[in-house]
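1. need a 3D model of the sequence below.
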Amino acid sequence: MDRNVLTDAQWAKIEPHCLGKPSDPGRSGKDNRLFLEAVLWIVRTGSPWRDLPERFG
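-> Presented below is the predicted three-dimensional model:
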């Protein structure tokens with residue numbers, strides 16, 4: 001997948017603050033980075049969730 005929202009350096013700074021890490025109790029998300037990139041895409045484009053591109057799942 002083409003990562004065009006967050007760079008690896010940006011993700012490295014954000015990742016420790018995300019909920020749902022494998023070390024956290026309970027269920028965790030499949031891909032926190034993908035979810036965050038989808039949210040950022042929505043914010044950047046102003047599109048509704050239903051128009052989210054398939055590449056975000």
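2. so which strand or helix has the residue lying closest to Pro53 once chain neighbours are set aside?
-> Of all residues not flanking Pro53 in the chain, Trp41 sits nearest, at 7.4 Å (Cβ to Cβ, 6 or more residues apart in numbering). Backbone N, C-alpha and C define where each C-beta goes, glycine included. Take DSSP states H and E as the rule and Trp41 turns out to sit in helix 32-45.
3. what's the burial count for the residue nearest to Thr45 when sequence neighbours are not counted?
-> With sequence-adjacent residues excluded and distances taken as Cβ to Cβ, 6+ apart, Thr45 is closest to Asp51, at 8.0 Å. By other Cβ atoms under 10 Å, the residues close to Asp51 number 10.
4. what pLDDT does Asp51 get?
-> On the pLDDT scale, Asp51 is placed at 94.
5. just Leu6 next, same as before
-> In this model, Leu6 carries a pLDDT of 88.
6. wait, isn't it in contact with Leu40?
-> Yes. Using Cβ atoms under 8 Å, Leu6 is in contact with Leu40, at 7.2 Å.
7. which of these two has more neighbours?
-> With neighbours defined as other Cβ under 10 Å, Leu6 and Leu40 compare such that Leu6 has more, 16 against 12.
8. any regions of the chain where pLDDT drops low?
-> 1-4, 21-22, 25-28 (pLDDT under 70).
9. mind listing the helices for it?
-> Ranges of helices within the chain are 8-14, 32-45, based on DSSP state H.
10. between the ones you listed, which gets nearest to Gly20?
-> helix 32-45 (5.8 Å; Cβ to Cβ).
11. which strands or helices does that closest one pack on?
-> Packed against helix 32-45, as judged by 3 or more Cβ pairs under 8 Å, 6 or more residues apart in numbering; DSSP states H and E, are no other helices or strands.
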